[in-house]
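1. Next comes the sequence, and after it the predicted model I'd like to discuss.
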Amino acid sequence: MGRRFRVRLAVVLLAAAPARWLGAQVPAASPGDLAVRLAGMTAVTGYEQAMVDTLLTLLPGAERDRAGNAVLVFGNGAPRRLAACPMDETGYAVGGVRPDGWLTLHRSPGRLLAPGPLFDQQLEGQRITVFGRRGPVPGVVAVRSVHLTRGRGSGPPDPFTSDDAFVDIGAASAREVEALGVGVLSPVALAKRPHRYGTDKLAAPMAGRRGACAALLAAARRAVAEQGMVPVHGTTVIAFVVEQQLELRGLLTVATNRGPFEETWIADVAPGIAALKAASLPTGPKAALGRLNGWEIGTRYTGTAVETVALGDVERASARIAGWLRGEAAQ
Amino acid sequence: MKPIGARVRGLALAGSLAGPCTMLVVPSLAAQEPARILDAQSILAPLLESYGVSGSEAPVRATVERLLPAWAKAQTDTAGNLWVRVGKGEPAVVFVAHMDEIGFSVSTIREDGSLDLEMKGGFFLSLFEAEPALVHTGTATVPGVFMPRDSVGATPRRTPSAFRVDVGTASRAETEALGIRVGSTVTMPKHYTRLAGTRATGRAMDDRVGCTTLLLALRRLDPARLKHEVIFVFSVREEIGLEGAEAAAAALGTTPRRVHAIDTFVSADSPLEPQAFAVTPIGRGPVVRALDQSAVAPPVLVDSLVALARVRAIPLQVGATNGGNDGSVFAAWGVPDVPIGWPLRYAHSPAEVIDLKDVVNLGEVIRAIAEGW
């Protein structure tokens, strides 16, 4: 056998069965550990690629598709089924850099309305991170000093909006901002510091969605590690999808490029699954998703900076997903 | 710094799997920074990350004691103030910086295990809504969350009427089993964080920066060179009514030559603030708080202090701001109060911002006063 042929054969085998070949490289990490890790990360809609990089590292054999999703494929042929988790979060991008070094913001996705009337207010007077070209840069969002409002009323009664936000990264000029690698369109989000409380509670912005992705990720890693356990037959696609909050672009790309699927299961918080089921989708991509189902992760204080998920729920969801990957009836 | 009118009304973090997104750009390389900046930071960071709501300052007091120079002898009075006396001779010059911070105390433990809160100090309640919480029992720190309001109603308002803390329990008994009692104090987690250049952020810069500058001055003082006694008071309960300073003033009576409250100068250095007064940019030097809501510094002393700083080549701003200061309670004994601060953005918020150059220079102003004014 010639050397060139052996190399080609090796490449083909690796491409065809990544899970089987790379299973031994997956170190153990519980769904709870992964939930805490993912909750510490940021994936503003349209700017998810740092998280995709991490997912590709954590899931040997996965690849980035044309939309930027992280996708892993087990098996081949029919039937085809999809398990997906959306990664993205409503956040912000730098909208402008003032000559005095403060930054202004634009919401991403760029809808007129925030997800809730108090959503933007969570920024006021809090730590944020600006993701510049040279890496994440810490900052804060300005707030009036309570002392200086004395005798001038108690401040505006209406909720804070992103138009009220001035981001302070410590720069004193636009040139200093640029030197930090920050500019218009740099993504911005609340600083992520996952906060554990109670016996198994995890609080963080988007903790529910991160917990759902952790459940799917842990199950997928387990499937990779267990080599040959899945699929029973046919094709199973696992996808961590981008831009769910921007017309489901990542999910629909998987559907149209990897489908059609007989069934699609989404791991997400209940409002996310409900929104998906209620969404008005183009006929072709909608058909490519097949039957839509959801693995719901329960949350408390949903949509806030202390959105809370029980890590026990994440563990149980991951076990259900693992069973589905093995071909057991979905629960 | 206490807002005038303020009254008492009423963790395991993710570390096991650090991801690439958790690494922040360090805006300046430590090795290139002047030693004085790093020295100030080495004092400020542990002080800021100590927790001490008004009336529960023990952790901060312990940190101050740990950071004192070896030769300094500290005493705690019955109010809880920490005193360090240096040099001999009358009349003494007094510096006061407060150790306490704004926060909450537990007013009720509900049947469902959640906690009702009472404010300690003046601040915007909305800045704590839906944020992580820490309950300090005296022997342990119990994590929880400040609960978001149940609903926003038809006309959402910025400020919640009140809110509670959820420590992840389901009953009063479970909460009490964690050591939580009525009166336990409640804060938000805080972290000292460097920003670009020499700037930094964190909650409770007010007044851990003041404590830092007293410590910086103490470390650089030569006690043998002092011509009179200098008293450094790390005070308690400033945010709820200057209570610790009142006890110190009563103890000293008419004896001090002057008092210098070393506290925040609430600056209008922000796009959000009216520019009518308090326009003192951060990074351009400490500020003589010549006029605030509790005191007017004697103009002749202000001029004299400005001249002293000029001789020592220390940048010094002069301004008027709002709030009250610990030195004002010495007025009843006829002791002149010349408060000095450093400019602070976003006072009494979780995101207070300072410039470390101001911290270093304020330490130098204090040393200059102690040695020669």
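-> Happy to help now that I have it.

2. What is the neighbour count of residue 258?
-> Defaulting to chain A. 18 (other Cβ atoms under 10 Å in any protein chain shown). No exception for glycine: its C-beta is placed from N, CA and C like everyone else's.

3. hm, I was asking about chain B
-> B:Arg258 is flanked by 21 other residues according to other Cβ under 10 Å.

4. Identify the residues contacting it.
-> B:93-94, B:301, B:335-338 (Cβ atoms under 8 Å, 6 or more residues apart in numbering or on different chains).

5. same check, this time on B:Leu226
-> If you count contacts by Cβ under 8 Å, 6+ apart, then B:Leu226 has B:86-89, B:370-371 around it.

6. make it 6 Å
-> B:Gly87 (Cβ atoms under 6 Å, 6 or more residues apart in numbering or on different chains).

7. circling back to that earlier point, would you turn the contacts of B:Arg258 into CSV with neighbour count, pLDDT and secondary structure?
-> Formatted as CSV, the contacts of B:Arg258 follow (neighbours: other Cβ atoms under 10 Å in any protein chain shown; pLDDT from 0 to 100; DSSP: H, G, I helix; E, B strand; the rest coil):
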residue, neighbour count, pLDDT, secondary structure
B:Val93, 22, 97, strand
B:Val94, 27, 98, strand
B:Leu301, 17, 97, helix
B:Val335, 20, 97, coil
B:Pro336, 17, 97, coil
B:Asp337, 27, 97, strand
B:Val338, 22, 98, coil
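
8. ok, these vs chain A, which is closest?
-> Closest approach to chain A among those (Cβ to the nearest Cβ): B:Asp337, at 17.8 Å.

9. wait, the closest one sits on B:Asp292?
-> No: look at B:Asp337 against B:Asp292 with Cβ atoms under 6 Å: they stay out of range, at 10.0 Å.

10. intersection of neighbour lists for those two?
-> Common neighbours of B:Asp337 and B:Asp292 (Cβ under 6 Å, 6+ apart) do not exist.

11. Secondary structure element holding B:Ala307?
-> Using DSSP states H and E, B:Ala307 maps to helix B:299-311.

12. any idea how far chain B is from the residue lying closest to A:Ala114 once chain neighbours are set aside?
-> Nearest residue to A:Ala114, sequence neighbours excluded (Cβ to Cβ, 6 or more residues apart in numbering or on different chains): A:Asp120, at 5.2 Å. When distance is defined by Cβ to the nearest Cβ, to the nearest Å, A:Asp120 is 11 Å away from chain B.

13. What number of residues are in the vicinity of A:Asp120?
-> Neighbourhood size, A:Asp120 [other Cβ under 10 Å]: 22.

14. Mind picking the two most distant members of the contacts of B:Arg258?
-> Greatest spatial distance among these (Cβ to Cβ): B:Val94 and B:Leu301, at 14.0 Å.

15. and A:Val306, that's in a helix?
-> No: counting by DSSP: H, G, I helix; E, B strand; the rest coil, A:Val306 is not part of a helix but coil.

16. My understanding was that it contacts A:Ala204; is that so?
-> No: counting by Cβ under 6 Å, A:Val306 stays clear of A:Ala204, with 7.6 Å between them.

17. could you list every residue that touches A:Ile128?
-> If you count contacts by Cβ under 6 Å, 6+ apart, then A:Ile128 has A:139, A:141, A:188, A:190-191 around it.

18. tell me which element it falls in.
-> In this assignment (DSSP H and E), A:Ile128 forms part of strand A:127-132.

19. Assign a three-state SS to A:Leu118, would you?
-> coil.

20. pLDDT wise, what is the closest residue to it other than its chain neighbours at?
-> Nearest residue to A:Leu118 in three dimensions, chain neighbours excluded: A:Pro159, at 5.5 Å (Cβ to Cβ, 6+ apart). Reported pLDDT at A:Pro159 in the predicted model: 93.

21. Sweet, I'm off.
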